[in-house]
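[1] give me the fold of what follows.
(one chain, ligands or ions: 2)
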Amino acid sequence: MPARFAVQERMHLNRSTSNSYNQALSTLLYWEDPVSWREAQTGLSYLLHRHRDRGGELFTMAAFIAGLIRSMDAAMENLCARTCPPCSNPCCARADVRYDFRDLIFLHCSGTGLPLGQTVSVSGGGACTMLGADGCTLPRVMRPFMCTWYLCPPQMDIVRADPEISFLPDWLKDVKHRRKALEAGFLEMISP
Ligand code: SF4
Ligand code: SF4
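    Ligands and ions are numbered 1, 2, ... in the order given. Model (predicted):
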């Protein structure tokens, strides 16, 4: 089953939720055009508002995840400074990275801010839309998690050899598990 339909299957959206929100959060999962992106954000805002009396734990979980990501930022930036400037094939200029459903739940629950659009245009290909002249224009906590999760081979070599940053893979796995729990909590919250 394609991932986007698998998510639709798992969401079990409340039947009273409007059809347009259902569609925005399921069949157009990658939200590459501005309209579907805005509809997805509106749908998530609506659902969180509708269930706000049950959302406190999710907001706490998301704030903790945001703190973990921020606490890794210095080490990640240091790693990038040691590997990215001389890189002959920068991943941000070719990566097919998109915000996924879990990213959007995290962004909405953590209140870290919402990007103006998806990282890839509807036509696809080319550099990430968030890439600026001096690198990524977004704070790490607002990027798709894949951008933090992915350590390229030269970076992994450094992580393995440098005890100062060897903690990164374990921290990344921790964030990954917490994001999964956040998504599960959100789906549970909106289930009828
Ligand atoms: S993360 Fe790795 S692949 Fe991406 S730009 Fe830096 S060195 Fe290159
Ligand atoms: S969001 Fe930032 S880090 Fe991620 S691919 Fe785009 S430019 Fe690179």
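[2] for the rest of this, base every contact and every neighbour count on C-alpha atoms.
    OK.
[3] the lengthiest helix in the chain near ligand 1 anywhere?
    Longest helix in the chain, counting residues (DSSP state H): helix 56-83. Yes. Against ligand 1, helix 56-83 shows contacts by Cα under 6 Å from any ligand atom at 80, 83.
[4] how about stretch 132-146 and ligand 1, any contact?
    No. Using Cα under 6 Å from any ligand atom, we find that stretch 132-146 stays clear of ligand 1, coming within 9.1 Å at best.
[5] just to revisit the earlier point, got the contact list for the helix or strand following the longest helix of the chain?
    Downstream of helix 56-83, the first helix or strand assigned by DSSP states H and E is helix 101-110. With contact meaning Cα atoms under 8 Å, 6 or more residues apart in numbering, helix 101-110 is reached by 29, 41, 44-45, 58-60, 62-63, 66, 113-114, 142, 144-145, 179-180, 182-183, 186.
[6] low-confidence bits of this protein, can you list those?
    For the chain, the stretches with pLDDT under 70 are 1-29, 121-125.
[7] hey, where'd the strands end up in it?
    Along the chain, the segments classed as strands by DSSP state E run 131-132, 135-136.
[8] centre of the chain to the first one, how far?
    Spelled out, it's strand 131-132. Strand 131-132 sits 17 Å away from the centroid of its parent chain (Cα atoms, centre = their mean, to the nearest Å).
[9] dump the strands of the chain into CSV; add mean neighbour count as well.
    Listed next are the strands of the chain as CSV, based on neighbours: other Cα atoms under 10 Å:
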stretch, mean neighbour count
strand 131-132, 13
strand 135-136, 14
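[10] mind putting the ones you listed in CSV, distance to ligand 2 included?
    As requested, the strands of the chain are exported to CSV (distance: least, Cα to the nearest ligand atom, whole Å):
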stretch, distance to ligand 2
strand 131-132, 4
strand 135-136, 4
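[11] with distance to Leu79 as extra columns, can I get these in a markdown table?
    Below are those laid out as a markdown table (distance: least, Cα to Cα, whole Å):
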| stretch | distance to Leu79 |
| --- | --- |
| strand 131-132 | 18 |
| strand 135-136 | 14 |
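[12] measure the residue located most distally from the centre of the chain to His49 for me?
    For the chain, the residue at maximal distance from the C-alpha centroid (Cα atoms, centre = their mean) is Ala161, at 28.4 Å. Distance, Ala161 to His49, by Cα to Cα, to the nearest Å: 47 Å.
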